[in-house]
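# got a predicted model here, sequence first, then my questions.
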There are 2 protein chains.
Amino acid sequence: MNDTRDALTRKLQAFKGLGPEDMAMLQDLQRLRSQIPAGKEVVYEGQHSHTAYILRQGWACSYKRLRDGSRQIIDIQVPGDFLGLRSLLLRASDHSFLTITDVEVARLDRHRMLEVFRRTPRLAVALMWAASRDEATVVEHLVSIGRRGAFERTAHFLLELGERLKLVGIGNGSAYPCPISQSILADALGMTAIHINRVLRQLREARIVVFRDGMVEFQDMKRAADITGFELTYLDQSPES
Amino acid sequence: MNDTRDALTRKLQAFKGLGPEDMAMLQDLQRLRSQIPAGKEVVYEGQHSHTAYILRQGWACSYKRLRDGSRQIIDIQVPGDFLGLRSLLLRASDHSFLTITDVEVARLDRHRMLEVFRRTPRLAVALMWAASRDEATVVEHLVSIGRRGAFERTAHFLLELGERLKLVGIGNGSAYPCPISQSILADALGMTAIHINRVLRQLREARIVVFRDGMVEFQDMKRAADITGFELTYLDQSPES
């Protein structure tokens, strides 16, 4: 069967069933579409755009560039994720985005988001839930960089990515396409490219996970979760009890 | 003059002027008050409480405890900040809180927050703005731990704290009371207690900032900002242009 729902719809339905009016608004929110090729910056730090995007297809990453030229990647965005949601509220965007692959985005502005809050409060709550998951993911990255060793940190990141993709129908959690370069992975994990290369080899030799040729494949998900202390709780994607 | 506004009201008025109805709702939101002594946990990771708090007085910190017993502090909360806002939307709280001093909190629940969105959308936007600043602060901590050296990271953190406190009327940015221990500072900056002790000495000897006896005093704010690349943009607290 071919699932024709867009990624954000799939994600929000994991929260709770939305009604027909919510679904119509969700489609309407994704009306202003555009294509952006790989390797382009989407929102610039310090810009006063008050614009955000829904990433409909493709991959991107959010980052901050430091004065010494180094870069910290804050999060990877996969289909169904927001880009720059905070810039709807903050006067200036606090970070930049880079498209990793060719992407399709839908543009949001503050006015349209307020309309959602007024007309479809249930959808508004679902969107805030999705934003809360994104925040919890950034918090987890902070914990990883602050307190997890390079080996655990890398495995944790790949486990998390698998679960996030599974929620929008890409891969099955243990095997998934992953177009990110080692340089992006290094900047996401606060490591050097040489270091990440060594850690990926260690993970492969330990028969935990192989990341090669744009594919991630876990050999042993359970051991990976044990080693890293990975828990799904913060992604909040299990069925509501 | 004695400013009798509570800290959250002061903070939100920096966003934009709220009307009388918003102000009344903001007071009503802070009606369910309680006192918690220093050193207590407020929200536990994994709990299904759907409760958050406004910190009216005192200091707290949010953290995650790792299985090996280590702790990563995510952020420090000062008067006017939220505690656990995400737990109103996520099924389980994704981190814990610790009171650093005796505190006064006001309890929020999901129902009351939705009422704010329905009845006072302007206040709702102001509250989301405050939550967005908190997220931007966590992102900045991720950047600090991932890409800033210990010296810059510590100075950056103390500059940021000064600006956040100034916004709610505590200190003047360059000198402020700071009741956090070196152990908490270390866990916030992803360092050891011995390391943070050495870095604070270096900052003192470089005549940049002194943190002693519960007070932070900058000797040279400009040089501190230059060294760390500190910019106010992400705190979004300058007057709207």
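On my side now, so go ahead.
# next one, pLDDT for residue A:2 please.
For residue A:2, the model assigns a pLDDT of 53.
# and residue A:223, by the same measure?
93.
# ok, now which ones touch it?
residue A:208 (C-beta atoms under 8 Å, 6 or more residues apart in numbering or on different chains). Every C-beta, even on glycine, is put in place using the N, C-alpha and C of the backbone.
# tell me the domain boundaries of chain A?
A:7-132, A:148-235 (automatic domain parsing).
# any chance of the ones you listed in JSON lines, plus distance to residue B:59?
Shown next, in JSON lines, are the domains of chain A (distance: least, C-beta to C-beta, whole Å):
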{"stretch": "domain A:7-132", "distance to residue B:59": "24"}
{"stretch": "domain A:148-235", "distance to residue B:59": "25"}
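# just give me the lowest mean pLDDT stretch among those.
Among the domains of chain A, domain A:7-132 scores lowest, with a mean of 89.
# chain center to that domain, what's the gap?
Averaging C-alpha positions (C-alpha atoms, centre = their mean, to the nearest Å) puts domain A:7-132 10 Å from its chain's average.
# how about the domains of chain A, which one is nearest residue B:212?
domain A:7-132 (29.2 Å; C-beta to C-beta).
# now residue A:137, nearest residue through space, not along the chain?
residue A:75 (6.0 Å; C-beta to C-beta, 6 or more residues apart in numbering or on different chains).
# so after the helix or strand hosting the one you found, what's the next helix or strand?
In this structure, residue A:75 sits in strand A:71-77 according to DSSP states H and E. Proceeding N to C from strand A:71-77, the next assigned helix or strand is strand A:82-83, under DSSP H and E.
# picking up where we left off before, tell me if I'm right that the residue nearest to residue A:137 and residue A:64 touch.
No. Using C-beta atoms under 8 Å, residue A:75 is not in contact with residue A:64, being 11.3 Å away.
# and the helix or strand hosting residue A:152, how far out from the chain's middle?
Assigned by DSSP H and E, residue A:152 belongs to helix A:150-167. Relative to the chain's own centre, helix A:150-167 is displaced by 11 Å; criterion: C-alpha atoms, centre = their mean.
# about what we covered before: go through the domains of chain A and name the closest to residue B:165.
Here domain A:7-132 is closest among the domains of chain A (C-beta to C-beta), at 19.5 Å.
# span of the closest one from start to end?
By C-alpha to C-alpha, to the nearest Å, the extent of domain A:7-132 from end to end equals 17 Å.
# and stretch A:98-112, by the same measure?
Length of stretch A:98-112, first residue to last, C-alpha to C-alpha: 24 Å.
# what residues of that stretch count as buried?
For stretch A:98-112, a neighbour-count test (16 or more other C-beta atoms under 10 Å in any protein chain shown) marks A:98-100, A:103-108, A:112 as buried.
# any chance you could list what contacts that stretch?
In contact with stretch A:98-112 (C-beta under 8 Å, 6+ apart) are residues A:29-42, A:50-61, A:63, A:76, A:82-83, A:85, A:88-89, A:179-181, A:184.
# which of those count as buried?
Judged by 16+ other C-beta under 10 Å, buried ones among the contacts of stretch A:98-112: A:29-30, A:36, A:42, A:50-61, A:63, A:76, A:82-83, A:85, A:88-89, A:180, A:184.
# can you show me the strands along chain A?
A:33-36, A:51-57, A:60-65, A:71-77, A:82-83, A:96-99, A:103-109, A:175-177, A:209-212, A:215-218 (DSSP state E).
# of all the ones you listed, which one is nearest residue B:148?
The nearest among the strands of chain A, by C-beta to C-beta, is strand A:71-77 at 8.9 Å.
# compute the inter-axis angle for the closest one and strand A:51-57.
60 degrees (axes from the mean of the first three to the mean of the last three C-alpha atoms, to 10 degrees).
# list the helices and strands strand A:71-77 packs on?
strand A:60-65, helix A:121-147, helix A:182-189, helix B:121-147 (3 or more C-beta pairs under 8 Å, 6 or more residues apart in numbering or on different chains; DSSP states H and E).
# if we can go back for a sec, enumerate every residue touching the residue nearest to residue A:137.
Contacts of residue A:75 (C-beta under 8 Å, 6+ apart): A:61-62, A:134, A:137-138, A:141, A:188.
# at 6 Å instead, please
A:62, A:137-138 (C-beta atoms under 6 Å, 6 or more residues apart in numbering or on different chains).
# of those, which is the most crowded?
residue A:62 (28 neighbours; other C-beta atoms under 10 Å in any protein chain shown).
# name the pair among the buried residues of stretch A:98-112 with the greatest separation in space.
Every pair of these checked by C-beta to C-beta; the farthest is A:100 and A:112, at 26.0 Å.
# how about the residues of chain A by chain B?
Residues of chain A lying near chain B by C-beta under 6 Å from any C-beta of the partner chain: A:64, A:66-67, A:70, A:72, A:74, A:86, A:89-92, A:94, A:117, A:128-129, A:132, A:135-136, A:138-139, A:141-143, A:145-147, A:190, A:229, A:233-234, A:236.
# give me the buried subset of these.
Buried by 16+ other C-beta under 10 Å: A:64, A:72, A:74, A:86, A:89-92, A:94, A:117, A:128-129, A:132, A:135-136, A:138-139, A:141-143, A:145-147, A:190, A:233-234, A:236, out of these.
# just to revisit the earlier point, quickly list what the residue nearest to residue A:137 is bridged to.
Under the criterion DSSP bridges, residue A:75 forms beta bridges with residue A:62.
# tell me how many other residues crowd residue A:204.
By other C-beta under 10 Å, neighbour count at residue A:204 equals 15.
# isn't it right up against residue A:212?
No. Judged on C-beta atoms under 6 Å, residue A:204 makes no contact with residue A:212 at a distance of 7.9 Å.
# so the closest residue to residue A:35 other than its chain neighbours bridges to which residues?
Nearest in space to residue A:35, with sequence neighbours left out and distances taken as C-beta to C-beta, 6+ apart, is residue A:104 at 5.5 Å. Applying DSSP bridges to residue A:104 gives these bridge partners: residue A:35, residue A:57.
# how close does residue A:104 sit to chain B?
From residue A:104 across to chain B, the span is 25 Å (C-beta to the nearest C-beta, to the nearest Å).
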